[in-house]
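Novice: sharing a sequence plus its predicted fold:
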Protein chains: 2
Amino acid sequence: MINVVAGIDIGGTNTVIGLVTNNGDCLIESSISTKNHSHFEVFVKSIFQEIEILIKKIGGNHTLIGIGIGAPNGSYNLGAIVDAPNLEWKGILPLSKELLKYTSVPTIVTNDANAAALGEMFFGGARNMKDFIVITLGTGLGSGIVANGKLIVGHDGFAGELGHLTAFPNGRICGCGNKGCLETYASATGIRRTVFMLLADSNQPSILRSVSFEKLTAKMVSDAAIKGDQIALEAFEFTGKILGLKLAETVAMFSPEAIFIFGGLAKAGVLIIEPTKRYMEENLFPIFRNKVKIIPSELEGKNAAVLGAAALIWQNNS
Amino acid sequence: MINVVAGIDIGGTNTVIGLVTNNGDCLIESSISTKNHSHFEVFVKSIFQEIEILIKKIGGNHTLIGIGIGAPNGSYNLGAIVDAPNLEWKGILPLSKELLKYTSVPTIVTNDANAAALGEMFFGGARNMKDFIVITLGTGLGSGIVANGKLIVGHDGFAGELGHLTAFPNGRICGCGNKGCLETYASATGIRRTVFMLLADSNQPSILRSVSFEKLTAKMVSDAAIKGDQIALEAFEFTGKILGLKLAETVAMFSPEAIFIFGGLAKAGVLIIEPTKRYMEENLFPIFRNKVKIIPSELEGKNAAVLGAAALIWQNNS
């Protein structure tokens, strides 16, 4: 009998479900739409039915021993999603409680970035680390922080919101209602905003002048930078400067062994890592200098969210 | 037979040694000079001799089960002091190794602010908390951070340096060599600098205009504020604004249940806590609002450093 865990990644559009072994092998994977369910309860029922279908497909010698879920605003303490901005259901959504209607295996919920951190710890580059941070540079900036070998979830289960550190006290408007949050600068969306700021401030020619804000992607900015486009290069320099300063502060708090970078903007590789590292070192409290690696996630390209969600269960069963 | 732990607080001038029970009772306490020892090894020998004297004084039914030491730049991982700016010996000072010459009981070293956090957890206001932060507002700003019930020491043992968060990227010169570190604003020294900045910038009359920088103390600033001195009141407002913003960022990372304030400037009580709390709330990521207490340490007035150093051992033996 082979034990498997269902790793679930709930996104605004799709929910991906995979069956993961304790080696981090995803045996099978499928997805259902997150939208178009009459109620949240119906959505949860669909998730469980999909798990049952996958278990049948891989054959009878597999046992489901738990369900790990990464979700926007997922609360570890409550086993629920709380006021997720990109889901159609509002308030507190009791995921674990709903799943208990169908199964008695343990269900653990956390936010998607925390899941990514656990995925890195169990199946990625942080396998031998007890103190590290994973940053996802996507639409926003998510982060999962591990110290003393444990995920930092805090008193209310919502700790690890590096995206909402204040980069500039009266800076860019953030979706959270505050101003100047780090994710308004250091994310795929943030670098688009920076490109438009630079295009507005300078007269420099740039291949990005022909692109609308809606059509601009982080990939287009990195492609332009590789071709030597000055605006695109400056955008990476500016992003790295802000991210580097805030990571220097983060290191002063946690003194991690490594910071893993993940997600859309992370695909720019050295373009984003080099200036971030340079500015981080420049701003570090001296005792921490030349100690902390900034490296790409080893799960890039794999379904890190599913693996990480599964790791929520495997961390208690391995 | 009653077990006791030697709690040791190594300061630049004096080293205080106390014998502490697992209830946090300090049965006896004395101090030796930190200065005027020919070598570091001689200093450590003097510490151990003093412990033996104290054990004899309290009678034969007490057993020493460990030695906990809080020291400037104390490294938990190395059991050593590393490049402490206020000690006459430089480099790595192997405290635990030296003490092993005289005793086989376990010795644990950490920095003084981490020791204060453990003291709060075992014997103070954080007794039922798993996620909290202790900030010492003295000459500098020290901090000890507990998450998941464990002290955050990081990969190298030096985590928890809130005093070196960057409050202003090109701000006041800090002793660490960087600019704009939080402790250059939020500390007993920081508020003196702020008073002088305000005296320079305004024409407002103030009883603090007759005092030199060297003679000015945090106590004089709080006494003046209580009497309604506008410069002193503005100095607390300014300090609270900066500390509040940086604590909002700290909460986004750790989501603690409470932040305890300790040390010289903390004695100003509501004068410093009220503006700090107000500005922290204003800058918090919405999900964390109205959840985090800022309160005075319950160990204020006691020898918190000695109790906290002893807690280093008791946390493994209670």
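Specialist: Now that the structure is in, tell me what you want to look at.

Novice: going forward, measure contacts between C-alpha atoms and count neighbours the same way
Specialist: Will do.

Novice: residue A:13: neighbour count?
Specialist: Look at residue A:13: counted by other Cα atoms under 10 Å in any protein chain shown, it has 13 neighbours.

Novice: a strand runs through residue A:295, doesn't it?
Specialist: Yes - looking at residue A:295 with DSSP: H, G, I helix; E, B strand; the rest coil, it is inside a strand.

Novice: ok, for it, nearest residue in space, not its chain neighbours?
Specialist: Nearest non-adjacent residue to residue A:295, counting by Cα to Cα, 6 or more residues apart in numbering or on different chains: residue A:260, 5.0 Å away.

Novice: which of the three states applies to that neighbour?
Specialist: strand.

Novice: that one touches residue A:296, doesn't it?
Specialist: Yes - if you go by Cα atoms under 8 Å, residue A:260 and residue A:296 touch, sitting 5.3 Å apart.

Novice: mind checking which of these two has more residues around it?
Specialist: Ranked by neighbour count (other Cα under 10 Å), residue A:260 and residue A:296 place residue A:260 first, with 24 against 20.

Novice: give me the beta-bridge partners of that one?
Specialist: Going by DSSP bridges, residue A:260 is paired in beta bridges with residue A:134, residue A:295.

Novice: ok, it to chain B distance?
Specialist: Residue A:260 sits 15 Å away from chain B, going by Cα to the nearest Cα, to the nearest Å.

Novice: before we move on, what about residue A:161?
Specialist: 5 Å.

Novice: could you do residue A:277 as well?
Specialist: As judged by Cα to the nearest Cα, residue A:277 and chain B stand 17 Å apart.

Novice: the one helix or strand that residue maps to - contacts with which helices or strands?
Specialist: According to DSSP states H and E, residue A:277 maps onto helix A:270-283. For helix A:270-283, the packing partners by 3 or more Cα pairs under 8 Å, 6 or more residues apart in numbering or on different chains; DSSP states H and E come out as helix A:230-254, strand A:293-296.

Novice: can you name the residues in contact with it?
Specialist: With contact meaning Cα atoms under 8 Å, 6 or more residues apart in numbering or on different chains, helix A:270-283 is reached by A:222, A:225, A:236-237, A:239-248, A:265-266, A:289-290, A:294-295, B:178.

Novice: repeat that with 7 Å
Specialist: For helix A:270-283, contacts defined as Cα atoms under 7 Å, 6 or more residues apart in numbering or on different chains pick out A:236, A:237, A:240, A:241, A:243, A:244, A:245, A:247, A:248, A:266, A:289, A:294.

Novice: filter those to the buried ones?
Specialist: In the contacts of helix A:270-283, burial by neighbour count holds for A:236, A:237, A:240, A:241, A:243, A:244, A:245, A:247, A:248, A:266, A:294, counting by 16 or more other Cα atoms under 10 Å in any protein chain shown.

Novice: got those as TSV, with distance to residue B:160 and pLDDT columns?
Specialist: What follows is these, written out as TSV (distance: Cα to Cα, whole Å; pLDDT from 0 to 100):
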residue	distance to residue B:160	pLDDT
A:236	30	98
A:237	28	98
A:240	24	98
A:241	23	98
A:243	20	98
A:244	18	98
A:245	17	97
A:247	14	98
A:248	12	97
A:266	27	88
A:294	20	97
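
Novice: dump the helices and strands packed on helix A:270-283 to JSON lines, plus distance to residue B:255.
Specialist: What follows is the helices and strands packed on helix A:270-283, written out as JSON lines (distance: least, Cα to Cα, whole Å):
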{"stretch": "helix A:230-254", "distance to residue B:255": "13"}
{"stretch": "strand A:293-296", "distance to residue B:255": "24"}
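
Novice: of those, which is nearest residue A:48?
Specialist: Nearest of the helices and strands packed on helix A:270-283 to residue A:48, taken as Cα to Cα: strand A:293-296 at 33.3 Å.

Novice: who touches the next helix or strand after the closest one?
Specialist: Heading C-terminal from strand A:293-296, the first helix or strand you meet, by DSSP H and E, is helix A:304-314. Contact partners of helix A:304-314, identified using Cα under 7 Å, 6+ apart, comprise A:5-9, A:17-18, A:20, A:22, A:24, A:66-70, A:108, A:112, A:115-119, A:122.
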